[in-house]
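Peer 1: using only what follows, build the 3D model:
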Amino acid sequence: MELGAFSISLAVKDLEVSKSFYEKLGFQVYGGEAAQNWLIMKNGDHIIGLFQGMFEKNILTFNPGWDQNANMLDYFVDVRNLQRELKARGLSIEQEADESTSGPASFVIIDPDGNPILFDQHV
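Peer 2: Got it, this is the predicted structure:
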């Protein structure tokens, strides 16, 4: 099952402190808006999102339709098809994508340890 680009979205207490920390690990700002309390940082193919005050827990994120550089893929499995497949495999969907739509959509599942996993399609 192809899930798309992977990143982890971190719920941080202080965006600037976290940004500085991850820069010391070799990450560079790749996107986002510090004025809106979020940044996307990249080190090679490794992507982390820093989000201050936006959610309580860290979130594993998959982006169907994107490669690790946020380039649109020629072929990908639509997020609604992924949702149907995961339901068929017996997983519960915490927040569902509207399967009657097309284009951008997202859904969330929760792993056995309570970690949210976001499937977020932007195309």
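Peer 1: wait, residue 92 sits on residue 109?
Peer 2: Yes. Counting by C-beta atoms under 8 Å, residue 109 is a contact partner of residue 92 at 6.9 Å. (C-beta placed from N, C-alpha, C; glycine too.)
Peer 1: need the residues touching each of the two.
Peer 2: The contact sets of residue 92 and residue 109 do not overlap (C-beta atoms under 8 Å, 6 or more residues apart in numbering).
Peer 1: neighbour-wise, which of those two wins?
Peer 2: residue 109 (19 against 8; other C-beta atoms under 10 Å).
Peer 1: ok, the residue positioned nearest the centre of the chain - contacts?
Peer 2: By C-alpha atoms, centre = their mean, the chain has its centre lying nearest to residue 61, at 2.7 Å. Shown in contact with residue 61 (C-beta under 8 Å, 6+ apart): 6, 7, 8, 9, 49, 117, 118, 119, 120.
Peer 1: find me the pLDDT at the nearest residue to residue 115 once chain neighbours are set aside, would you?
Peer 2: Nearest residue to residue 115, sequence neighbours excluded (C-beta to C-beta, 6 or more residues apart in numbering): residue 60, at 6.3 Å. We have a pLDDT of 97 for residue 60.
Peer 1: what do you get for residue 113?
Peer 2: 89.
Peer 1: and it, what element?
Peer 2: For residue 113, there is no host helix or strand (DSSP states H and E).
Peer 1: against residue 64, how distant is it?
Peer 2: 23 Å (C-beta to C-beta, to the nearest Å).
Peer 1: neighbour-wise, which of these two wins?
Peer 2: residue 64 (23 against 5).
Peer 1: so what's that one closest to, chain neighbours aside?
Peer 2: Per C-beta to C-beta, 6+ apart, closest to residue 64 is residue 4, 3.9 Å.
Peer 1: that neighbour and residue 78 touch, don't they?
Peer 2: No. Using C-beta under 8 Å, residue 4 makes no contact with residue 78, being 10.5 Å away.
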